[in-house]
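Student: here is my input, please return the structure:
(one chain, ligands or ions: 1)
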Amino acid sequence: HQVLLNSVSLELRTPLTSIIGNATALQDEKSVTNPESRQSLIHELILSTERLNRIVDNLLDMSRINSGTLQLKKEWFDARDLVEETASRLSRSLGQHPVVFDLGTKQIYLQGDYRLLDHALTNLLLNAAAYSASDAQIKVALQVKPREVFLSVIDQGQGIAKEEQHKIFDKFYRVPHSPAGGVGLGLSIVKSIVDLHEGQVLVESAGLGQGATFTMVLPLIEPPAELKDGLK
Ligand code: ADP
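Tutor: Now for the predicted structure:
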């Protein structure tokens, strides 16, 4: 556990250092009177705080899932709302990446724990951003199959070598030489959350430099009739 504790602590330190640095700079009169530098300091401050928040979210959900204390909610919602709300909440962290949607025109009913599925999708979107060029497109697609809903995040990044693809869902696993800024928890949480919903996560990548597609396959459940008009 020593190694894990080490990497988690290091991971927490990066955003914390940035928060302290930017907050300190904001105290400086000069930066506060120059609107541009003030805006950029505030922007950095918010980004680092969001990053810190996500690390803590990942750790908390991981320990809830491991301890079996997690109560899975069964809410009905439109999968398209989930995608749009999650992507829009992340717009700052997704930075320059153009995000395109292929969500169809009809409501897609999903039953599950909205907050957890939002968390899973968040991890996939942030990975797509982290492992591709800073202006590379990210696509989110929804497809309804006879028994399942496919929710895919498609990036144009570095991709994942075949021999790594079965390892990346392991807790604390990172592909060797991955850029700093992760602890290898994100995908294991995605997998746990999707498992709790009796679904599965698929990864496709033709290989290095070919982009990656992560798909959450969730069971399609017919909603009760009275629900069809009044979703959240
Ligand atoms: P982290 O991103 O913190 O390393 P994850 O569990 O989210 O942890 O991912 C595990 C590894 O899988 C990453 O280190 C990275 O090498 C690889 N990976 C995840 N998502 C992608 C992606 N979209 N493109 C390429 N590699 C990815």
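Student: how about the helices of the protein, start to end?
Tutor: Secondary structure of the chain (DSSP state H): helices located at 2-27, 29-33, 35-67, 79-89, 91-94, 114-130, 186-196.
Student: and residue 73, which of those is closest to it?
Tutor: helix 114-130 (7.1 Å; C-beta to C-beta). All C-beta atoms are positioned from the backbone trio N, CA, C, and that covers glycine.
Student: residues in this structure within reach of the ligand, list them.
Tutor: When proximity is defined by C-beta under 6 Å from any ligand atom, the chain lies next to the ligand at 123, 127-128, 131, 155, 157-160, 168, 173-175, 178, 182-188, 212.
Student: could you redo the last one with a cut-off of 5 Å?
Tutor: For the chain, the residues in contact with the ligand (C-beta under 5 Å from any ligand atom) are 127-128, 131, 157, 160, 168, 174-175, 178, 182, 184, 186-187, 212.
Student: what is the lowest-mean-pLDDT helix or strand in the chain packed up against?
Tutor: Taking all helices and strands of the chain together, the one with the lowest average confidence (mean pLDDT, DSSP states H and E) is helix 29-33, at a mean of 75. Judged by 3 or more C-beta pairs under 8 Å, 6 or more residues apart in numbering; DSSP states H and E, helix 29-33 is in contact with helix 35-67.
Student: and the helix it packs on, what's buried?
Tutor: Residues of helix 35-67 classed as buried: 38, 41, 44-45, 47-52, 54-55, 58-59, 61-62, 65 (neighbour count, 16 or more other C-beta atoms under 10 Å).
Student: now do the same for residue 169: its pLDDT.
Tutor: Model confidence at residue 169, given as pLDDT, is 96.
Student: which residues touch it?
Tutor: Under the criterion of C-beta atoms under 8 Å, 6 or more residues apart in numbering, the contact list for residue 169 reads 187-188, 190-191, 201.
Student: leaving out the residues flanking it, which one is nearest to it?
Tutor: The shortest distance from residue 169 to any residue that is not its chain neighbour, by C-beta to C-beta, 6 or more residues apart in numbering, is 4.6 Å, and that residue is residue 191.
Student: what's the spacing between the one you found and residue 207?
Tutor: Plainly put, residue 191 is 22 Å away from residue 207 if you go by C-beta to C-beta, to the nearest Å.
Student: what's the answer for residue 196, then?
Tutor: Looking at residue 196 against residue 207, where the rule is C-beta to C-beta, the gap reads 31 Å.
Student: between those two, which has more neighbouring residues?
Tutor: Neighbours of residue 196 and residue 207, each counted by other C-beta atoms under 10 Å, are more numerous for residue 196; the result is 16 against 13.
Student: what sits against the nearest residue to that one once chain neighbours are set aside?
Tutor: In space, and not counting its chain neighbours, residue 196 is closest to residue 72: 5.4 Å by C-beta to C-beta, 6+ apart. Residue 72 sits next to 112-113, 116, 196-197 when contact means C-beta under 8 Å, 6+ apart.
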